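**Student:** Here you go, sequence then predicted model.
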Amino acid sequence: MRPLFLLPSVLFASACVLGPDPGSPQMKTPASIRGDAAPHGASFGDKAWRSVFTDSTLRTLIARSLKNNPDLVAATYQIEAARAQAGIARAAGFPMLNGNANAASNYASPNAGQAAPGADRHSESYGLTALLSWEIDLWGGIRRNNQAARARLLEAQYQRDAVLTSLVASVASAYIDLKNLDERLAISRRTTESRKKSLDLVTARRNGGVSSDLEVGQAEALLSQAQVLIPVTEQAIAAKENEIRVLLGEYPGGITRGGSLDSLGSSLHIAGGLPSSLMERRPDLSAANQAFQAATADIGVAEALRFPSLSLTGSGGLISTDLHNLLEKKSGAYSIAPQLTGPLFDAGSSKARVLAAKAKAEIARSAYEKAAQQAFQESADALHGYQKTGEIIAEETKLVTSQKNVSALALERFQGGASSYLEVLDAERSLFTAELDLADARANRLKSVVQAYRALGGGWK
């Protein structure tokens, strides 16, 4: 039988594919994202990150991080590794052809019976041979493995996108924190200068016999409260700058500031959009989806291992005892050997392999469902947080205005002798706390924009 006669039967035999077909997990999604003001409109997460973060300094920092961050670089190489594995899986479905060239010179020993007495003891042999091996995909195991490898390649790509999204949000949040620390430092320094003047005033009044040592001590304590916050904030600033530099893939150092971030939250209308589109925008969900599909394809791989495998091996080429006639037609030779092998008794290991693959697929399904629920939770929290931080800023602004009035009135009453310095002390402490809280509220408002953008899957497209 000629080798090509086997091809139709091989193709017919390899038409079977075991195991379930990979597909996206089926799960119900809510009709809308909780807290979404426009559940059927365009999503905030569809915007490009450059159109969201318009501050030039922040844009530059994000761009530097996307170029140099080690986690993003590693995630990119994970894609290359997965692409190579997909190439290996794809190659398994094709025949493998190897070549061999050999030459041998032999000198026989008559005493060992290798040559007859008087015969020529010297002989030579030459060969040019091609070796063919091909595993026929009888049960679709190779195709399922190919599907799993392609799904893992897509998973690696989506995981890189998830790293990118997280990186954009991390740099933006850290920069907002840094700007907030700058504002807190400015408040502390401004308050320190104001309280130094108050201490000078109380000291002069004491020297004039109007105030007491107790009031001087209270003024000194009030000054120390503001002063101690300066080195504490400066330490936090240095740590935050180092954090940002590491996100940029650089060594610790200072960060140049510029511009104002107030516009980040003032002119934006944040909406979640359709819940179904959230499932598509979130790269971590897409990665979990592909992980499930890869695990589903692995079931077919395990199923195929329970049945016999068919492999074709063959060799063909030119063989001669004389180098001069090696290339002649009469030197041609070939052999082909189909081989069918399969388990007869494996103590249930092949069945257990299938059960393990099915369990891993269910684990992947559960991981996808958990990731989806977490995505909706993060989106709902971010949308609600964006709404409430605006209300908090409004109330904190009113509180600061009121505390400024109270502080001014308390100082006026103290200077007029209508009250003790204790009223000034309480008013100044309350004003200082209110100003710091307002600075934090503004930062939280801006960070809520970043959190909403990340939760809605923005930044990676």
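**Tutor:** Ah, there it is. Small disclaimer: the values here were computed from a predicted structure and weren't measured.

**Student:** for the protein, which spans come out with low pLDDT?
**Tutor:** Applying pLDDT under 70 to the chain flags residues 1-15, 37-41, 112-115, 118, 263-268, 461.

**Student:** pull the longest strand from it.
**Tutor:** Criterion DSSP state E: the longest strand present in the chain is strand 122-136.

**Student:** after it comes which helix or strand?
**Tutor:** helix 141-207 (DSSP states H and E).

**Student:** and that next one, what does it pack onto?
**Tutor:** helix 56-68, helix 70-91, helix 213-247, helix 283-304, helix 421-455 (3 or more Cβ pairs under 8 Å, 6 or more residues apart in numbering; DSSP states H and E). All C-beta atoms are positioned from the backbone trio N, CA, C, and that covers glycine.

**Student:** Next, format those as CSV and append mean neighbour count and distance to Lys370.
**Tutor:** As requested, those are exported to CSV (neighbours: other Cβ atoms under 10 Å; distance: least, Cβ to Cβ, whole Å):
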stretch, mean neighbour count, distance to Lys370
helix 56-68, 17, 28
helix 70-91, 15, 21
helix 213-247, 17, 27
helix 283-304, 24, 8
helix 421-455, 21, 16
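
**Student:** mind checking which of those helices is nearest Tyr368?
**Tutor:** For those, proximity to Tyr368 was assessed by Cβ to Cβ; helix 283-304 is nearest, at 4.1 Å.

**Student:** That closest one versus helix 70-91: what angle between them?
**Tutor:** Using axes from the mean of the first three to the mean of the last three Cα atoms, to 10 degrees, the inter-axis angle of helix 283-304 relative to helix 70-91 is 30 degrees.

**Student:** Who are the packing partners of helix 283-304?
**Tutor:** helix 141-207, helix 349-415.

**Student:** what comes up buried for the following helix or strand past that helix?
**Tutor:** Toward the C-terminal end, the helix or strand that comes next after helix 283-304 (DSSP H and E) is strand 309-320. Neighbour counts over strand 309-320 (16 or more other Cβ atoms under 10 Å) mark Ser309, Leu310, Leu312, Gly314, Ser315, Gly317, Leu318, Ser320 as buried.

**Student:** and the closest residue to the first one other than its chain neighbours, backbone torsions?
**Tutor:** Beyond its immediate neighbours in the sequence, the residue positioned closest to Ser309 (Cβ to Cβ, 6 or more residues apart in numbering) is Thr341, lying 5.8 Å away. Per-residue torsions, Thr341: phi -130, psi 150 (degrees, to the nearest 10).

**Student:** so how far is Ala148 from Thr341?
**Tutor:** From Thr341 across to Ala148, the span is 23 Å (Cβ to Cβ, to the nearest Å).

**Student:** what do you get for Asp298?
**Tutor:** Plainly put, Asp298 is 5 Å away from Ala148 if you go by Cβ to Cβ.

**Student:** Same check on Gly45?
**Tutor:** Noted for Gly45: a distance of 30 Å to Ala148, by Cβ to Cβ.

**Student:** Between Thr341 and Ala148, which has more neighbouring residues?
**Tutor:** Just comparing Thr341 and Ala148: by other Cβ atoms under 10 Å the higher neighbour count belongs to Ala148, 24 against 9.

**Student:** With adjacent residues omitted, what lies nearest to the residue most central in space within the chain?
**Tutor:** Nearest to the centroid of the C-alpha atoms of the chain, with distances taken as Cα atoms, centre = their mean, sits Val163, at 2.8 Å. Once flanking residues are discounted, Val163 sits nearest to Ala75: 4.5 Å by Cβ to Cβ, 6+ apart.

**Student:** Please name the residues that touch the one you found.
**Tutor:** Counting by Cβ atoms under 8 Å, 6 or more residues apart in numbering, Ala75 makes contact with Ala156, Gln159, Arg160, Val163, Leu164.

**Student:** would you list the residues you listed in CSV and tack on distance to Ala221?
**Tutor:** Shown next, in CSV, are these (distance: Cβ to Cβ, whole Å):
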residue, distance to Ala221
Ala156, 59
Gln159, 54
Arg160, 54
Val163, 49
Leu164, 50
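
**Student:** Which single one of the residues you listed is nearest to Ala82?
**Tutor:** Ala156 (4.0 Å).

**Student:** ok, for that closest one, nearest residue in space, not its chain neighbours?
**Tutor:** Nearest one to Ala156, counting by Cβ to Cβ, 6+ apart, is Ala82 at 4.0 Å.

**Student:** so which of the contacts of Ala75 comes closest to Ala302?
**Tutor:** Lowest distance from Ala302 to the contacts of Ala75 (Cβ to Cβ) belongs to Ala156, with 22.5 Å.

**Student:** what's near enough to touch the closest one?
**Tutor:** Here Ala156 is in contact with Ala75, Gln78, Ile79, Ala81, Ala82 (criterion: Cβ under 8 Å, 6+ apart).

**Student:** Of those residues, which is the nearest to Ala382?
**Tutor:** Ala75 (23.6 Å).

**Student:** measure that closest one to Val424 for me?
**Tutor:** 57 Å.

**Student:** Equivalent analysis for Pro275, please.
**Tutor:** 55 Å.

**Student:** And for Ser166?
**Tutor:** 48 Å.

**Student:** same question, Gly249
**Tutor:** Per Cβ to Cβ, Gly249 is found 50 Å from Val424.

**Student:** Ok, Thr433 next?
**Tutor:** From Thr433 to Val424 the distance is 15 Å (Cβ to Cβ).

**Student:** same question, Ile176
**Tutor:** 34 Å.
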